[in-house]
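S.K.: Next input, structure requested:
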Amino acid sequence: MPARPTAASGPVWANLGMDIVSATRVRGLLDDHGETFFGRMLTPAELADCRNSTGLDVLILCGRIAAKEAVFKTFRVRDRVLPWRDIVIRRSTGGWPLIELRGSADRMAAEAGIAEITVSISHDVDYAVAVAAPVLGAPGPPTGPPSPPSRPDTQ
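M.R.: Alright, predicted model coming up:
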């Protein structure tokens, strides 16, 4: 039996990642260090997605941080630092989160045999939680953007 599930018979879900972040803690970091502190964790576009008419929405910020942590946990790596800005949480046109992996995060996912990751984020009062679920593909070197699906020969 292989050490981890494979996608030989179709998509396989494995290695869930989950994280919870306290808004009280994030507010404290924001008060002590300002927005620039979070610029080490989030891209400028991600920070912009966390803004509302009065400034940064702390619960949305917490959700993004929790999502990045949850995604990293799906890689099941040891002795590696979370590549904060290589895990990008974008907002779809429908409002749900989309995961984009870059650089070292893309390489870790490829090494783990992860072809795609989906995430769910929820927040209420003083906490945000995120769950990340990978779809496994063939382990190997990182690849570029996914290829369009092949079409059957029409001859």
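S.K.: can you pull up the bridge partners for residue 133?
M.R.: Per DSSP bridges, the residues bridged to residue 133 are residue 118.
S.K.: Please tell me how far it sits from residue 72.
M.R.: For residue 133, the distance to residue 72 (Cβ to Cβ, to the nearest Å) stands at 14 Å. Using the backbone N, CA and C atoms, a C-beta is placed for each residue, glycine as well.
S.K.: higher neighbour count, those two?
M.R.: Neighbour totals were compared for residue 133 and residue 72, and residue 72 leads with 23 against 18 (other Cβ atoms under 10 Å).
S.K.: Can you verify my assumption that that one contacts residue 86?
M.R.: No - counting by Cβ atoms under 8 Å, residue 72 does not reach residue 86; the two are 9.7 Å apart.
S.K.: Quick check: neighbours shared by residue 133 and residue 72?
M.R.: residue 17 (Cβ atoms under 8 Å, 6 or more residues apart in numbering).
S.K.: Let me know the next secondary structure element after the lowest-mean-pLDDT helix or strand in the chain.
M.R.: Lowest mean confidence among the helices and strands of the chain (mean pLDDT, DSSP states H and E): strand 55-56, at a mean of 90. Next helix or strand after strand 55-56 toward the C-terminus (DSSP states H and E): helix 58-74.
S.K.: Fine by me, we can end here.
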